[in-house]
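**Student:** The amino acid sequence is not available; the structure is as follows:
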């Protein structure tokens, strides 16, 4: 490229490079795609400028029970840094990890009690850099049920079962607990 300054032509070099971008979708499905992109480096009086290549980030591949929410360039299970179909300027070889979310529900059975606590819902996020079985949610157990002549000892995952949980429960799937 060139420009004219005070009647004098200045010529700048443009260099091209090829970089690759790897997209990891749902890990256990082996959904990995690597694409290559051409990027431009433009020289000028201040040095070399990496102009990159603007690309549209696709949606991560499907995962039953989860909603694809976008991509992260790190392995954290947090909200997506880059939404699906957003534009990203590729300037170097990169890796994107698909992020997914779903709700886990904890419901209660009063087991003869007079009130049933409201269900609790937590949204969990899965990053494909992690193992799917690591996705879980911890709930503080409600103590708001009463039954005449009884004291609430805790909660069980089986009706009339032994007290297993008193303060909190960590679950991976929708779960119902019963007053004990």
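**Tutor:** In hand now; what should we look at? This structure is a prediction, so every number in the text was calculated from the model and none was measured.
**Student:** gap between residue 57 and residue 23?
**Tutor:** 8 Å (Cβ to Cβ, to the nearest Å). C-betas here are computed from N, CA, C, even on glycine.
**Student:** That should have said residue 31, apologies.
**Tutor:** Distance of residue 31 to residue 23, given as Cβ to Cβ: 8 Å.
**Student:** Mutual contacts of those two, please.
**Tutor:** Listed contacts common to residue 31 and residue 23 are 60, 98; contacts here mean Cβ atoms under 8 Å, 6 or more residues apart in numbering.
**Student:** Low-confidence stretches in the protein?
**Tutor:** In the predicted model of the chain, residues 1-5, 27-30 satisfy pLDDT under 70.
**Student:** For it, just list every one of the helices.
**Tutor:** Counting by DSSP state H, the chain has no helices at all.
**Student:** mind listing what's buried in the longest strand seen in it?
**Tutor:** Longest strand in the chain, counting residues (DSSP state E): strand 94-109. Within strand 94-109, the residues that count as buried by 16 or more other Cβ atoms under 10 Å are 95, 96, 97, 98, 99, 100, 101, 102, 104, 106, 108, 109.
**Student:** now the residue sitting furthest away from the middle of the chain: how far from residue 13?
**Tutor:** No residue in the chain sits farther from the centre than residue 7, which is 55.1 Å out by Cα atoms, centre = their mean. Plainly put, residue 7 is 22 Å away from residue 13 if you go by Cβ to Cβ.
**Student:** got it, and residue 73?
**Tutor:** Per Cβ to Cβ, residue 73 is found 30 Å from residue 13.
**Student:** so who does residue 80 touch?
**Tutor:** 69, 70, 71, 72, 99.
**Student:** before we move on, what about residue 90?
**Tutor:** 19, 21, 37, 39, 52, 53, 54, 55.
**Student:** from those residues, which ones fall inside strands?
**Tutor:** Per DSSP E, strands hold the following members of those: 19, 21, 37, 39, 52, 53, 54, 55.
**Student:** Just give the closest residue to the residue nearest in space to the middle of the chain, not the sequence neighbours.
**Tutor:** Centroid-nearest residue in the chain: residue 99, 3.1 Å away (criterion: Cα atoms, centre = their mean). Nearest non-adjacent residue to residue 99, counting by Cβ to Cβ, 6 or more residues apart in numbering: residue 80, 4.5 Å away.
**Student:** Roughly how far does that neighbour sit from residue 13?
**Tutor:** 37 Å.
**Student:** wait, doesn't the residue nearest to the centre of the chain sit right on residue 70?
**Tutor:** Yes: with contact defined as Cβ atoms under 8 Å, residue 99 and residue 70 form a contacting pair (5.7 Å).
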